[in-house]
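Next one to model:
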Amino acid sequence: MKAIVTVTGKDTTGIIAKVCTLLADNSVNILDISQTVMQQYFTMTMLIDLSTGKKNVTELGEELEALGKTMGLVIRTQREDIFDLMYRV
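The predicted structure is shown next:
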């Protein structure tokens with residue numbers, strides 16, 4: 001299963017490293033990543049593959065959300081199929 005992870009908040013050192021470390025520790029593969037800093041605000045979108053992961057999308061999403069809270073960020077995780085349906089025209 002694939003999922004979309006979005007990260008937003010004030011830019012600080014180590015955001016990408018901490019998010020990617022959490023994903024690697026859970027055997028999640030990052031298929032694509034895009035990030036930018038707009039003035040002092042950080043935004044990142046990732047496409048991840050959970051097929052070899054240790055947790056399902058809900059469990060991983062909760063862990064990422066908790067990480068975000070400790071860093072002052074908002075981290076959301078959505079299944080790819082739901083994300084696609086939301087943005088289909």
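
and residue 38, how many neighbours does it have?
Look at residue 38: counted by other Cβ atoms under 10 Å, it has 8 neighbours. C-beta: built from backbone N, CA, C; applies to glycine.

Local confidence estimate at it?
Residue 38 carries a pLDDT value of 92.

Test my guess that residue 46 contacts residue 29.
No: contact criterion Cβ atoms under 8 Å: residue 46 and residue 29 do not qualify, at 10.4 Å.

More neighbours: these two, which one.
Between residue 46 and residue 29, counted using other Cβ under 10 Å, the more crowded position is residue 46 (21 against 14).

Bridged to the more buried one, which residues?
residue 5, residue 33 (DSSP bridges).

Would you state the predicted confidence (pLDDT) at it?
Note on residue 46: pLDDT of 97.

Can you list the residue ranges for strands in the protein?
When assigned using DSSP state E, the strands of the chain occupy the ranges 2-10, 29-38, 41-49, 73-79.

can those strands go into JSON lines with extra columns for distance to residue 67?
Converted to JSON lines, the strands of the chain look like this (distance: least, Cβ to Cβ, whole Å):
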{"stretch": "strand 2-10", "distance to residue 67": "9"}
{"stretch": "strand 29-38", "distance to residue 67": "15"}
{"stretch": "strand 41-49", "distance to residue 67": "13"}
{"stretch": "strand 73-79", "distance to residue 67": "6"}
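
quick check: angle from the helix ranked longest in the chain to strand 73-79?
Scanning the chain for the longest helix, with DSSP state H as the assignment, gives helix 57-71. Put simply, helix 57-71 runs at 170 degrees to strand 73-79, going by axes from the mean of the first three to the mean of the last three Cα atoms, to 10 degrees.

Go through helix 57-71 and flag the buried ones.
57, 60-61, 63-64, 67-68, 71 (16 or more other Cβ atoms under 10 Å).

picking that back up, which stretch among the strands of the chain comes nearest residue 19?
strand 2-10 (6.1 Å; Cβ to Cβ).

buried stuff in that closest one?
Quick answer for strand 2-10 (16+ other Cβ under 10 Å): 2-5, 7, 9.

Kind regards, and thank you for your time.
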